[in-house]
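Peer 1: coords please:
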Amino acid sequence: MTSLTPTAGVDPAAHRLPSLTGLRWIAAMLVFGFHAGTMRIVAEPSHKAVVDQLFTLGLSGVQFFYILSGFVLVWSARPQDTKWRFWRRRLAKIYPNHVVLWALVLLVGLWFADPFNGSAAVQNLFLIQAWNPTPGYFYSVNTVSWSLSCELFFYLCLPFALPVLRRTPSWALWVVVVAVPLVILALWPGQLLVPEEHRWWFTQVFPLVRSTEFWMGVAAAELMRRGHWRGPGLPLATVIFVVTWLVASEWIRAELWAALLAAMYILVITSAARADVRGLPSPWRSRPLVWLGEVSFAFYLVHVFVMITILRLTGHHGVGFTGWTGPLVVVGFLLLNLLLAWLLYRGVETPMMRLLASRRRRVSTAGPTPPPDTASTPHTGAAPHPESAPDTASEPGAGGSVADTPAVDAGARRPG
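Peer 2: Alright, predicted model coming up:
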């Protein structure tokens, strides 16, 4: 494989990006808040209005994960890496957590006597469900795992694209960065070419369509590696993003949201990365935020399943809680999901990553010593989509307890 060492600009191997790990938690919170709103946990109209106001655009956190995933994977690409080692690391990051949740959701669905769709369950297990537009398939078992199906596709493609990427002129990479929001915007008229029953799937789930966001992050990372990225610093990028978020939710048409937020997310990601590289102040690299970012992938995988299961057990699914009970329940869900995410992170995700690292070391001692394989630990600068150390990424079953629940993942606010 072509050497991944940049020919100019900064040396990514010398710079971890903890601010991007902290930002993962912000994106995870946006998705959590959106789902808490769509599940109608807060029944009091005045309180629900606040939740809706804050998290109307929340599911765009998945969009953030995809952009960040592309950025981090290119930034942290290892010299002399091979396709198989890259794929093995990525699978070790996402697949064990996915299998645990897949089994738990099906067991709970069996306990609730939910209908079981074996074909959907198998497709979900192997993370190919996002390619199937049939209702009940792409949002199957642990509903949020549709996004892992997209991520797996991105992972399969990236090693083939990297050698081409290194030879691509910078002006062409800038074309990609600028063109992606325009392509997202073009999906609004473009979806009319798709049968009406498949338009939601096409614009929200279809891996080829969602990959545009990933490639935007890829192009931006390569530009920064070369020292050719131009953009605002972190304070200004943060102000631009916050203002855009507030204005978009109030006065901008919904069909413009995804394109606009893609541009805002790339500004925040690149400015935070540059702050880390240059040693500039960044609120996102604080120890609590970095810890939250580390568990955010596990948090993302468990949050919908846990909330819907408890709501069903208590008889509040689709009904919610009146008065101040609703907001308190949301806070309780947040803390419970954090605890469970930490257990999943410590008990499954981290051991599997360490096991893979140990295997690499054993294999390397059997022959000639390879180039140093840095960043083999499971953390540094990533995304709640499955990205680990600097090499880190994101976000309804076959009749499982969170299966076929339209409110769960309804409305990433992309066209559709």
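Peer 1: contacts and neighbour counts: CA atoms only from here.
Peer 2: Noted.
Peer 1: any idea of the mean pLDDT in stretch 102-122?
Peer 2: Averaged over stretch 102-122, pLDDT sits at 95.
Peer 1: numbering from 55 from now on, please.
Peer 2: Renumbered: residue one is now 55, and that last one reads stretch 156-176.
Peer 1: centre of the chain versus that stretch, how much separation?
Peer 2: Chain-centre distance of stretch 156-176: 24 Å, with Cα atoms, centre = their mean, to the nearest Å.
Peer 1: CA atoms only for that stretch, dumped as PDB, please.
Peer 2: C-alpha atoms of stretch 156-176 as PDB (Å, rounded to 0.1, in the frame of the first residue of the first chain):
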ATOM      1  CA  TRP A 156     -28.000  -7.500  18.600                       C
ATOM      2  CA  ALA A 157     -28.300 -10.400  20.900                       C
ATOM      3  CA  LEU A 158     -29.800  -8.400  23.800                       C
ATOM      4  CA  VAL A 159     -32.400  -6.700  21.600                       C
ATOM      5  CA  LEU A 160     -33.500 -10.100  20.200                       C
ATOM      6  CA  LEU A 161     -33.700 -11.600  23.700                       C
ATOM      7  CA  VAL A 162     -35.800  -8.700  25.000                       C
ATOM      8  CA  GLY A 163     -38.000  -8.900  21.900                       C
ATOM      9  CA  LEU A 164     -38.500 -12.600  22.600                       C
ATOM     10  CA  TRP A 165     -39.500 -11.800  26.200                       C
ATOM     11  CA  PHE A 166     -42.000  -9.200  24.900                       C
ATOM     12  CA  ALA A 167     -43.300 -11.800  22.300                       C
ATOM     13  CA  ASP A 168     -42.600  -9.400  19.500                       C
ATOM     14  CA  PRO A 169     -42.800 -10.700  15.900                       C
ATOM     15  CA  PHE A 170     -39.500 -12.100  14.600                       C
ATOM     16  CA  ASN A 171     -38.100 -11.600  11.100                       C
ATOM     17  CA  GLY A 172     -35.300 -14.000  10.700                       C
ATOM     18  CA  SER A 173     -34.100 -12.500   7.400                       C
ATOM     19  CA  ALA A 174     -33.900  -9.000   8.800                       C
ATOM     20  CA  ALA A 175     -32.100 -10.300  11.900                       C
ATOM     21  CA  VAL A 176     -29.400 -12.000   9.800                       C
END
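Peer 1: flag every buried residue along it.
Peer 2: By neighbour count on 16 or more other Cα atoms under 10 Å, the buried set for stretch 156-176 is 156-160, 162-163, 168, 170-171, 174-176.
Peer 1: those in helices, which ones?
Peer 2: Of these, the ones assigned to helices by DSSP state H are 156-160, 162-163, 174-176.
Peer 1: now do the phi/psi pair for residue 375.
Peer 2: Note on residue 375: backbone dihedrals following degrees, to the nearest 10 are phi -120, psi 140.
Peer 1: residue 382 versus that one, what's the distance?
Peer 2: According to Cα to Cα, to the nearest Å, residue 375 stands 9 Å off from residue 382.
Peer 1: tell me which of these two has more neighbours.
Peer 2: residue 375 (19 against 14; other Cα atoms under 10 Å).
Peer 1: give me the beta-bridge partners of that one?
Peer 2: residue 96 (DSSP bridges).
Peer 1: show the subsequent helix or strand relative to the helix or strand where residue 107 lies.
Peer 2: Assigned by DSSP states H and E, residue 107 belongs to helix 99-109. Moving toward the C-terminus from helix 99-109, the next helix or strand (DSSP H and E) is helix 115-129.
Peer 1: so residue 177 makes contact with residue 183?
Peer 2: Yes - in terms of Cα atoms under 8 Å, residue 177 counts as a neighbour of residue 183; the distance is 5.1 Å.
Peer 1: what sits in contact with each of those two?
Peer 2: Counting by Cα atoms under 8 Å, 6 or more residues apart in numbering, the contacts common to residue 177 and residue 183 are residue 191.
Peer 1: can you pick out the residue with more neighbours from the two?
Peer 2: Between residue 177 and residue 183, counted using other Cα under 10 Å, residue 183 has the larger neighbour count: 28 against 20.
Peer 1: give me the nearest residue to that one, chain neighbours excluded.
Peer 2: residue 192 (4.7 Å; Cα to Cα, 6 or more residues apart in numbering).
Peer 1: the one you found and residue 155, how far apart?
Peer 2: Per Cα to Cα, residue 192 is found 16 Å from residue 155.
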